[in-house]
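Participant: next comes the sequence, and after it the predicted model I'd like to discuss.
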Amino acid sequence: MKIIPKTALIFILMLFSTMAASAEPLTYALKVDGLACPFCTFGIEKQLGKIDGVDKLTTDLDSGVVLMTMKDGILLDKTKAEKAVEQAGFTLRGLEQVKTPASNVIEK
């Protein structure tokens, strides 16, 4: 039986932990100007939902923020998000990755 050196074992463990962490779903907060009613919510979620890799969306009209959770390991392309928001008739004023418990996000 061949024994693996400690440094190689540590490297392998770090590699697997990095791979597992990168496969977690990412949530983004999109700050959108112009959201005022349930029809606005429908329109923005319809356009954002067309982006490949979107898993969940929820919109807070009071704050003008759309929380967008991507499928495991998929990153949101800011250009695609901007285009989708504009196509829905709104303005994207900010986008940032956030840590959100899954219980706070409603499935689309």
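Facilitator: Looks like it arrived, so ask away.
Participant: counting neighbours, what do you get for the closest residue in space to V85 that isn't next to it in sequence?
Facilitator: Closest residue in space to V85, ignoring its immediate chain neighbours: L92 at 4.3 Å, by CB to CB, 6 or more residues apart in numbering. No exception for glycine: its C-beta is placed from N, CA and C like everyone else's. Neighbour count for L92, taken as other CB atoms under 10 Å: 18.
Participant: so Q47 sits against Q87, correct?
Facilitator: Yes. Counting by CB atoms under 8 Å, Q47 does reach Q87; the two are 5.1 Å apart.
Participant: mind checking which of the two has more residues around it?
Facilitator: Higher neighbour count among Q47 and Q87: Q47, with 18 against 14, using other CB under 10 Å.
Participant: how is that one assigned, secondary-structure-wise?
Facilitator: When classified by DSSP: H, G, I helix; E, B strand; the rest coil, Q47 comes out as helix.
Participant: go on, E24?
Facilitator: Per three-state DSSP, E24 ends up coil.
Participant: can I get stretch 63-70 in CSV, CA atoms only?
Facilitator: Extracted as CSV, the C-alpha positions of stretch 63-70 are listed here (Å, rounded to 0.1, in the frame of the first residue of the first chain):
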residue,chain,number,x,y,z
SER,A,63,-36.7,48.8,-1.5
GLY,A,64,-36.6,48.3,-5.3
VAL,A,65,-34.4,45.3,-4.9
VAL,A,66,-34.7,42.0,-6.8
LEU,A,67,-32.9,39.0,-5.2
MET,A,68,-31.7,36.6,-7.9
THR,A,69,-30.3,33.2,-7.0
MET,A,70,-28.4,31.3,-9.7
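Participant: what's across from M70 in the sheet?
Facilitator: In this structure, M70 bridges to V54 when assessed by DSSP bridges.
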